[in-house]
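Asks: My questions concern the predicted model and sequence given below.
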Amino acid sequence: MEIDKLESLRWDLRQDCVDIIMAGGGGHIGGDMSVIDALMVLYENHLRITPETVNDPDRDRFVLSKGHAMEAYYAVLCHEGFLDLDDVKARFSKFKSPYIGHPNNKLPGIEMNSGSLGHGLPVAVGMALAAKMDGRNYRTYVFMGDGELAEGSVWEGAMSGGNFELDNLCALVDRNRLQISGSTEDVMKQDSQEDRWAAFGWNVLSIPGNDIRALDAAFSLAEETKGKPTVIIANTTKGFGSPVMENKASWHHHLPNAEEYAQITADFAARKEECHA
């Protein structure tokens, strides 16, 4: 999709995401807002999978390791035709609903049950390595949160990805610098993520993570890189899109009240209008 259309679409997707949260009575809204742009750009312009090819052995693979951002993932999957938005809104977080707060691989298009943090990258490494061993040309993508990077299994996966030169693997770190308990630098300081990943043999791209053009270009560069996996350090804003939410750790998991919801909706509408000015 053309960049100008994506600039407009992202506000509709944010509204869908917030409406899903409101319908279900809760959700990880802050991280949804920081990562939804990357999800949209990946699915619209780079990921080779459609509702008709969910069982194709040559489809691209995607793992949402930061599985708590599921409401954003629902919004994108609905837009891409994998799920029905009205059905998701009606049943999200209800008893016996398949639309739970983390990825459920019983739903079409979802490869892995995730959300137990630190597991997504090791599994994605396995998927990418399997493609190499089987002579298939699919690519594997995995999105992680920066708070998740305190998990040791992430760095085992990083070491393996570099060791096996998995140039069919692309990881994205949602570097919003906030987690449920506060600043990532206060909880477990991370220094330079760029230097850390480079030390494990990865091609490192550091970008403004809520910039549509930068995201699109980064995914293209990852596809062109040979001999090593790529990690995109997406420097994002938690709660991006409305000052009500932005850069506030308290919005990691939060249900907007009526006044907050009205202001968030108005902010999204105003930002979308700017795209057509």
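Replies: That came in fine, so what should we check first?

Asks: Only C-alpha atoms from now on, for both contacts and neighbour counts.
Replies: Noted.

Asks: Just the helices from the stretch 101-250 of the chain, written as ranges.
Replies: Secondary structure of the stretch 101-250 of the chain by DSSP state H, counting those that start in this stretch: the helices cover 120-134, 152-163, 184-188, 193-199, 212-224.

Asks: any chance of those helices in TSV, plus mean neighbour count?
Replies: Below are those laid out as TSV (neighbours: other CA atoms under 10 Å):
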stretch	mean neighbour count
helix 120-134	20
helix 152-163	19
helix 184-188	14
helix 193-199	16
helix 212-224	18
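
Asks: Which of the ones you listed has the lowest mean pLDDT?
Replies: Lowest mean pLDDT within the helices of the stretch 101-250 of the chain: helix 184-188, at a mean of 67.

Asks: Looking at the helices of the stretch 101-250 of the chain, which is nearest to Ile29?
Replies: Closest approach to Ile29 among the helices of the stretch 101-250 of the chain is made by helix 184-188 (17.5 Å; CA to CA).

Asks: Run a quick neighbour tally on Phe240.
Replies: 23 (other CA atoms under 10 Å).

Asks: ok, now which ones touch it?
Replies: Counting by CA atoms under 8 Å, 6 or more residues apart in numbering, Phe240 touches 30, 33-34, 210, 246-247.

Asks: same deal with Arg136?
Replies: Contacts of Arg136 (CA under 8 Å, 6+ apart): Asp58.

Asks: how about the contacts of Phe240 in a markdown table, adding pLDDT and distance to Gly109?
Replies: Below are the contacts of Phe240 laid out as a markdown table (pLDDT from 0 to 100; distance: CA to CA, whole Å):
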| residue | pLDDT | distance to Gly109 |
| --- | --- | --- |
| Gly30 | 91 | 24 |
| Met33 | 96 | 21 |
| Ser34 | 96 | 22 |
| Asn210 | 97 | 24 |
| Glu246 | 93 | 30 |
| Asn247 | 89 | 31 |
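
Asks: Reformat these as JSON lines; add distance to Ala150 and neighbour count.
Replies: Below are those laid out as JSON lines (distance: CA to CA, whole Å; neighbours: other CA atoms under 10 Å):
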{"residue": "Gly30", "distance to Ala150": "19", "neighbour count": "27"}
{"residue": "Met33", "distance to Ala150": "22", "neighbour count": "27"}
{"residue": "Ser34", "distance to Ala150": "19", "neighbour count": "28"}
{"residue": "Asn210", "distance to Ala150": "23", "neighbour count": "22"}
{"residue": "Glu246", "distance to Ala150": "23", "neighbour count": "16"}
{"residue": "Asn247", "distance to Ala150": "20", "neighbour count": "21"}
